[in-house]
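Visitor: Pasting a predicted model and its sequence here:
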Amino acid sequence: MPRPRYAQVSLDATPYYHCVSRCVRRAFLCGTDTDTGQNYEHRRQWIEDKLLELADVFSLDICAYAIMSNHYHVVLHIDKEQADNWNQKEVIERWHHLFTGNLLSQRLVRGETMSQTELKLLEQTVTLWRARLMDISWFMRVLNETIARDANAEDNCTGRFWEGRFKTQALLDEAALAACMAYVDLNPIRAKMAKTPESSDHTSIKQRAIKAQQVAQPNHPNQQASELMPFVGYPRENIPKGLPFRLTDYLELVDWSGRIMREDKRGAITKHPPPHYNA
């Protein structure tokens, strides 16, 4: 029996979670349907664009992602501290980016005078919206509903596009986090959709690898892809917000992991020397 989502997500245990959402139809989410010849490759860009857009609205950071033919992976970090520090107006503006809000929130944005009773009622609503803006279920809901509507319109049909529930896995320590991120980033290579990490379209590793090769100084902030949660080095006292690894170490982990041949996977990195990441 599936566990309720609230039982799978606990900030007391970890802020890091791996999510997977899969298309329920026989037809492809992305790529080319071999039966009809219809190409859906452009939908991968839909998902990538929306994923990165929503990360700017929600109090969630994207650690890794990979958009595949009939499913996608994303590793998320819940930033509760950031959400708690938003003022009332900022919460409302972020919520209005997703939904119309209600009459009271619209009046506040317009600068209209409101009674104390109305302000108190609005504050209760803002508390609810604040919680939703750092909720993985709401993030995945908005993302999937947007893509489903666009895909249904393109296919001129109605009905369910995604499986009923996305899968969630808590990443309880740094080893699990690094292993899961590498697994997600290597998905196109394991599926023989790409030959190297830097050629893996619609993945976080492509963004990270290309950006890293553009800066001479290793692990410099300018090596970090701005849309993704940054690497901040090894854990230490007063560690800044970010992934507790060095960027160059992670890129090497992905590269060497991808060279391991696995019997249960079709692809691996072969014949290509390791790229130079200015380490």
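Guide: Happy to help now that I have it. Numbering: from 1, shown residues only.

Visitor: Please make it C-alpha for all contacts and neighbour counts, starting now.
Guide: Noted.

Visitor: what domains does the record give for the chain?
Guide: 13-81+135-172, 87-132, 174-279 (automatic domain parsing).

Visitor: worst average pLDDT in those domains?
Guide: Comparing mean pLDDT across the domains of the chain, the weakest is domain 174-279, with a mean of 80.

Visitor: backbone phi and psi for Met140, please?
Guide: Torsion angles at Met140 (phi, psi; degrees, to the nearest 10) stand at phi -70, psi -30.

Visitor: what's the answer for Val109, then?
Guide: Dihedral pair for Val109: phi -60, psi -40, per degrees, to the nearest 10.

Visitor: Pull the contacting residues for it.
Guide: 89, 93 (Cα atoms under 8 Å, 6 or more residues apart in numbering).

Visitor: What distance do you get for the most far-flung residue of the chain relative to its centre to Thr100?
Guide: The C-alpha centroid of the chain is most remote from Ser115, which lies 39.8 Å away (Cα atoms, centre = their mean). Taken as Cα to Cα, to the nearest Å, the spacing of Ser115 relative to Thr100 amounts to 21 Å.

Visitor: With Arg190 instead?
Guide: 42 Å.

Visitor: name the element Ile189 belongs to?
Guide: helix 187-190 (DSSP states H and E).

Visitor: buried stuff in whichever strand or helix holds Glu93?
Guide: Element membership for Glu93 (DSSP H and E) is helix 88-98. Within helix 88-98, the residues scored as buried using 16 or more other Cα atoms under 10 Å are 88, 91-96.

Visitor: ok, Thr158 - how many residues close by?
Guide: 11 (other Cα atoms under 10 Å).

Visitor: Contacts only, for it.
Guide: If a contact means Cα under 8 Å, 6+ apart, then Thr158 has Asn152 as its contacts.

Visitor: about what we covered before: roughly how far apart are the residue farthest from the centre of the chain and Ala175?
Guide: Taken as Cα to Cα, the span from Ser115 to Ala175 is 52 Å.

Visitor: that older thread, any chance of the backbone angles for the residue farthest from the centre of the chain?
Guide: Backbone torsions of Ser115, given as degrees, to the nearest 10, read phi -80, psi 170.

Visitor: Between Arg190 and Thr100, which is the more surrounded one?
Guide: Arg190 (22 against 12).

Visitor: Am I right that that one is in contact with Ala268?
Guide: Yes - assessed by Cα atoms under 8 Å, Arg190 is found in contact with Ala268 at 5.7 Å.

Visitor: Name the residues contacting each of those two.
Guide: Gly258.

Visitor: And the strands in the stretch 1-150 of the chain?
Guide: With DSSP state E, counting those that start in this stretch applied, the stretch 1-150 of the chain shows strands at 16-22, 60-67, 71-78, listed in chain order.

Visitor: Show me the contact partners of the first one.
Guide: Strand 16-22 is touched from outside by 9, 70-78, 162-163, 165-172, 177, 180, with contacts defined as Cα under 8 Å, 6+ apart.

Visitor: Give me the buried entries from those residues.
Guide: Using 16+ other Cα under 10 Å, the buried ones in these are 9, 70-78, 162, 166-168, 170-171, 177, 180.

Visitor: Grab the nearest non-local neighbour of Gln223.
Guide: Nearest residue to Gln223, sequence neighbours excluded (Cα to Cα, 6 or more residues apart in numbering): Ala212, at 4.6 Å.
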